[in-house]
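Enquirer: what would the 3D arrangement of this be:
(3 chains)
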Amino acid sequence: MRMIIVMGLPGAGKSSVLSAVPKDYKLVNYGDIMFSIAKKKYKIENRDQIRKLDPAKQKAIQAQVGRMLSKMKGKVILDTHCSIATPKGYLPGLPFSLLSKLKVELLVLISAPVDEIIARRQNDPTRARDAQTPQSLEEHDWFNKAFLASYSSFTGAPCIVIFNRQGRLQEAQQRLLSLL
Amino acid sequence: MRMIIVMGLPGAGKSSVLSAVPKDYKLVNYGDIMFSIAKKKYKIENRDQIRKLDPAKQKAIQAQVGRMLSKMKGKVILDTHCSIATPKGYLPGLPFSLLSKLKVELLVLISAPVDEIIARRQNDPTRARDAQTPQSLEEHDWFNKAFLASYSSFTGAPCIVIFNRQGRLQEAQQRLLSLL
Amino acid sequence: MRMIIVMGLPGAGKSSVLSAVPKDYKLVNYGDIMFSIAKKKYKIENRDQIRKLDPAKQKAIQAQVGRMLSKMKGKVILDTHCSIATPKGYLPGLPFSLLSKLKVELLVLISAPVDEIIARRQNDPTRARDAQTPQSLEEHDWFNKAFLASYSSFTGAPCIVIFNRQGRLQEAQQRLLSLL
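Expert: As a prediction, this is how the structure comes out:
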């Protein structure tokens, strides 16, 4: 297994950049796997309910996601969050307990200028809940990079930030493809 | 046990913010425990002598603090440093060897604008030894946040920065209470 | 064994600062050891060939470097990179798998203002390959400090940044000597 992990703030354009990935890569979304497990295990019907499960159940789900990911074969790209801005602070997307189960080859963070992220979120009604002030977005971006460095230290895998600037999506996609 | 760890630069107002914590939380000061152990074990009479102990003895004390903390029950708030500015650099307050013994639920860093921290230190004679230049304080604050991200990656617990701005203590206290 | 690890961006003046280290310290260069092992094991003739070896062989070499370092006695200064800017991103110089084999006493990062680093690289033909834009150097410097914090959290050793400003080499050297 060769796993590349791609992360990014909501509104940084991660999905658009990932749309350029060739078909021989298995593109896996962490949230999708988590939801499918929660659905079976705890009769959950929508994603928001996961957050409301008690922490012990959440941990059980996460552990199961980790086991599933660790068994995957071939070239895998894991699409996930570097950290999630929750009401209790930044929750790491790749805690060491999860990373210890994976063979990580590369850690990629998709980022963009803060004002562009805000504009994209405003134009996307499904992202309304992610709206934040420029200061809080700057802070989240800062912490994402600090998390990235710690994930890299732990795994030994290199880490890179790809900027996905407005009107220059192709450039960001080319940068990602050059890493595969 | 549910442990919340609250950290902050000297002069950021950590004690004032913590004074709002309800009585059902056990408020534990890392330095106090360390001193009480050092007093018994090595006949130490004041805190400054701890720094002068040889490193092997310091490590022995720290290990004992870790064991004590790991046995605590109930809702605990640990009051400690994110990192300590020593003559040899920033000493992490929560090295992984310590964190591995604790069940951490949340990591909180109390911060404040650098000029306000300097003003508070100047008005507090017991803090004279902590006086620093704005640049060195900025650096210390930067490293505290980077340490925070690594503590969070290691434990899987979310991390948050609470700003304790001059004249807005209540706001900072409310923010902390909302996390408990 | 007492190991002090000294790191720095190419062009920050690490070698000049290290030239002041007293003779009773064993000065060990990570890249030199790596190359000597690669030469014996895989008939490699120059350093650039190491990068072209397949990852499994690179890991085997790194593991052997770690074993050699872990057996050293006395006062050792390890001269290495905090992270290396590769085409695939920042590769950590001290992944936890390596650090776990060492008894680290202190982590030192030699840094310098970005414009001075660029000027030094331009004046040094052997450094031509390291030429970068100010933005990419700022980013590399940022990540080095974040890596430093995670190395410090993992080992429990304090970390420090020494600025080696143009025309003030002696000051930087004195700072390093004060830490030994």
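
Enquirer: residue A:68 falls within a helix, correct?
Expert: Yes: Residue A:68: assigned to a helix according to DSSP: H, G, I helix; E, B strand; the rest coil.

Enquirer: residues contacting it?
Expert: A:33, A:37 (Cβ atoms under 8 Å, 6 or more residues apart in numbering or on different chains). Where C-beta positions appear, they are placed from N, C-alpha and C, glycine not excepted.

Enquirer: please repeat the previous calculation with a cut-off of 10 Å.
Expert: Contact partners of residue A:68, counting by Cβ atoms under 10 Å, 6 or more residues apart in numbering or on different chains, are A:28, A:33-34, A:36-37, A:101.

Enquirer: ok, residue A:55 next?
Expert: Applying Cβ under 10 Å, 6+ apart to residue A:55 gives the contacts B:2, B:105.

Enquirer: just the pLDDT for it.
Expert: What the model reports for residue A:55 is a pLDDT of 76.

Enquirer: one more: the one 5 residues further on?
Expert: The score at residue A:60 is 88. That number is its pLDDT.

Enquirer: picking that back up, make a PyMOL selection of the buried ones in the contacts of residue A:68.
Expert: Restricted to buried positions by 16 or more other Cβ atoms under 10 Å in any protein chain shown, the PyMOL selection for the contacts of residue A:68 reads:
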select buried, chain A and resi 28+33+34+37
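
Enquirer: which one of the contacts of residue A:68 is nearest residue B:62?
Expert: Nearest to residue B:62 out of those is residue A:101 (Cβ to Cβ; 29.8 Å).

Enquirer: helix, strand, or coil at that closest one?
Expert: coil.

Enquirer: hang on, isn't it packed against residue A:65?
Expert: Yes: the criterion here is Cβ atoms under 10 Å, and residue A:101 meets it with residue A:65 at 9.4 Å.

Enquirer: check which helix or strand covers the residue of chain A found nearest chain C.
Expert: Distances between chain A and chain C by Cβ to the nearest Cβ are smallest at residue A:160, namely 3.0 Å. Assessed by DSSP states H and E, residue A:160 sits inside strand A:159-163.

Enquirer: who are the packing partners of the worst-scoring helix or strand of chain A on mean pLDDT?
Expert: Least confident helix or strand of chain A, by mean pLDDT, DSSP states H and E, is helix A:48-52 with a mean of 80. The contact analysis (3 or more Cβ pairs under 10 Å, 6 or more residues apart in numbering or on different chains; DSSP states H and E) places helix A:48-52 against helix A:30-42, helix A:55-70.

Enquirer: swap in 7 Å and give it another go.
Expert: For helix A:48-52, the packing partners by 3 or more Cβ pairs under 7 Å, 6 or more residues apart in numbering or on different chains; DSSP states H and E come out as helix A:30-42.

Enquirer: what is the mean pLDDT for the helix it packs on?
Expert: 93.

Enquirer: got the angle between that helix and helix A:55-70?
Expert: Angle, helix A:30-42 to helix A:55-70, by axes from the mean of the first three to the mean of the last three Cα atoms, to 10 degrees: 120 degrees.

Enquirer: using CSV, write out the CA atom coordinates for helix A:30-42.
Expert: Provided in CSV are the C-alpha atoms of helix A:30-42 (Å, rounded to 0.1, in the frame of the first residue of the first chain):
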residue,chain,number,x,y,z
TYR,A,30,-12.4,9.7,5.5
GLY,A,31,-15.8,11.2,6.4
ASP,A,32,-17.6,8.8,4.0
ILE,A,33,-16.1,5.8,5.6
MET,A,34,-16.8,7.1,9.1
PHE,A,35,-20.4,7.7,8.1
SER,A,36,-20.9,4.3,6.6
ILE,A,37,-19.6,2.6,9.7
ALA,A,38,-21.7,4.8,12.0
LYS,A,39,-24.8,4.1,10.0
LYS,A,40,-24.4,0.3,10.4
LYS,A,41,-23.1,0.3,13.9
TYR,A,42,-25.3,2.9,15.6
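
Enquirer: next one: that helix to chain centre, how far?
Expert: Counting by Cα atoms, centre = their mean, to the nearest Å, helix A:30-42 is centred 16 Å from the centre of its parent chain.

Enquirer: list phi and psi for the closest residue to residue A:84 other than its chain neighbours.
Expert: Leaving aside its sequence neighbours, residue A:84 sits nearest to residue A:91 (Cβ to Cβ, 6 or more residues apart in numbering or on different chains; 4.6 Å). As for residue A:91, its main-chain torsions (degrees, to the nearest 10) stand at phi -90, psi 120.

Enquirer: residue A:91 contacts residue B:159, correct?
Expert: No: at 8.5 Å, residue A:91 does not count as touching residue B:159 under the criterion of Cβ atoms under 7 Å.

Enquirer: which of these two has more neighbours?
Expert: Per other Cβ atoms under 10 Å in any protein chain shown, whichever of residue A:91 and residue B:159 has more neighbours is residue B:159, with 30 against 16.

Enquirer: pretty sure the more buried one contacts residue B:150?
Expert: No: using Cβ under 7 Å, residue B:159 is not in contact with residue B:150; the gap is 9.7 Å.

Enquirer: hang on, the earlier thing: after the strand holding residue A:160, which helix or strand is next? Please name it.
Expert: Heading towards the C-terminus - elements assigned by DSSP H and E - strand A:159-163 is followed by helix A:169-177.

Enquirer: show me what that next one is packed up against.
Expert: helix A:14-18, strand A:159-163.

Enquirer: just name the most buried of these.
Expert: Here the criterion is mean neighbour count by mean count of other Cβ atoms under 10 Å in any protein chain shown, and of these the winner is strand A:159-163, at a mean of 23.

Enquirer: averaged pLDDT, that strand. What do you get?
Expert: 97.

Enquirer: follow-up on the earlier one: of the contacts of residue A:68, which pair is most distant in space?
Expert: Farthest pair in those (Cβ to Cβ) is A:36 and A:101. Separation: 18.1 Å.

Enquirer: what's the burial count for residue A:67?
Expert: For residue A:67, the count of nearby residues is 10 (other Cβ under 10 Å).

Enquirer: next up, the contacts around it.
Expert: Counting by Cβ atoms under 7 Å, 6 or more residues apart in numbering or on different chains, residue A:67 touches residue A:101.

Enquirer: do the same with the one 3 residues further on
Expert: Contact criterion Cβ under 7 Å, 6+ apart gives A:101-102 as the residues in contact with residue A:70.

Enquirer: tell me the pLDDT of it.
Expert: The model's pLDDT for residue A:70 equals 93.

Enquirer: interface residues of chain A facing chain C?
Expert: Proximity of chain A to chain C (Cβ under 7 Å from any Cβ of the partner chain) is limited to residues A:106, A:145-146, A:149-150, A:152-154, A:156, A:158-160, A:179.

Enquirer: restricted to helices, list those.
Expert: Judged by DSSP state H, the residues of chain A next to chain C include A:145-146, A:149-150, A:152-154 as members of helices.

Enquirer: what's opposite the residue of chain A found nearest chain B in the beta bridge?
Expert: For chain A and chain B, the shortest gap (Cβ to the nearest Cβ) falls at residue A:89, measuring 3.0 Å. Beta-bridge pairing for residue A:89 (DSSP bridges): residue A:86.
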